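In: for reference, the sequence and a predicted model appear below.
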Amino acid sequence: MMLQLLDIACFVLHTLLIAFNIVGWAWRRTRLPHLICFGLTAVSWFLLGAWYGWGYCICADWHFQIRRELGHADVDSSYVQLLSRHVCGLPLSRDAADWIAGIVFVLIAVATAIIWTRTWFQGERRAD
């Protein structure tokens with residue numbers, strides 16, 4: 001019973017984390033928490049990923065461990081694949097899931113950089 005609740009909690013929290021990474025840069029009040037969250041995501045993907053495989057996500061790893069304990073024989077090897085199959089009923093290949101995740105990551109990084117650069121330059125002008 002506890003593992004089933006953890007499975008549901010992982011689905012909800014990990015999906016909310018992804019959604020926050022995607023849109024958190026858009027509102028002034030959430031920009032700093034977004035920068036921290038997105039930075040931690042990048043650390044997981046690239047720093048931990050250097051040891052565990054590029055794009056490694058500690059949240060997905062924990063979730064897949066829980067699912068294995070529950071006896072799920074997931075053929076998915078990424079959280080994007082798992083979400084796509086469970087939410088949309090659309091099976092994705094690992095390559096497609098990696099491309100989607102990578103493109104979204106780059107778009108988030110660009111949006112975040114633009115917003116922070118614009119905010120920084122506006123702050124510079126106000127100080128004059």
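Out: Here it is on my side, so go on.

In: going by C-alpha atoms from here, please, whenever you check contacts or count neighbours.
Out: Will do.

In: only the buried residues of the helix or strand of the chain with the lowest mean pLDDT, if you could.
Out: Ranking every helix and strand in the chain by mean pLDDT, DSSP states H and E puts helix 94-127 at the bottom, with a mean of 89. Neighbour-count burial for helix 94-127, counted by 16 or more other CA atoms under 10 Å, picks out 97-98, 101, 105, 108-109, 111-112, 115-116.

In: quick check, pLDDT for the residue most central in space within the chain.
Out: Centroid-nearest residue in the chain: residue 18, 3.9 Å away (criterion: CA atoms, centre = their mean). Looking at residue 18, its pLDDT is 97.

In: same thing with residue 86?
Out: Listed pLDDT for residue 86 reads 87.

In: need the three-state assignment for it.
Out: Under DSSP: H, G, I helix; E, B strand; the rest coil, residue 86 falls in the helix class.

In: the residue nearest to residue 45 when sequence neighbours are not counted in helix, strand or coil?
Out: Nearest residue to residue 45, sequence neighbours excluded (CA to CA, 6 or more residues apart in numbering): residue 55, at 4.1 Å. Assigned by three-state DSSP, the conformation of residue 55 is coil.

In: could the buried residues of helix 94-127 be laid out in a markdown table, adding distance to residue 83?
Out: Converted to a markdown table, those look like this (distance: CA to CA, whole Å):
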| residue | distance to residue 83 |
| --- | --- |
| 97 | 10 |
| 98 | 13 |
| 101 | 12 |
| 105 | 16 |
| 108 | 19 |
| 109 | 22 |
| 111 | 24 |
| 112 | 24 |
| 115 | 29 |
| 116 | 30 |
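
In: tell me what angle the helix or strand harbouring residue 40 forms with helix 94-127.
Out: For residue 40, the element it lies in under DSSP states H and E is helix 31-42. For helix 31-42 against helix 94-127, the angle by axes from the mean of the first three to the mean of the last three CA atoms, to 10 degrees is 150 degrees.
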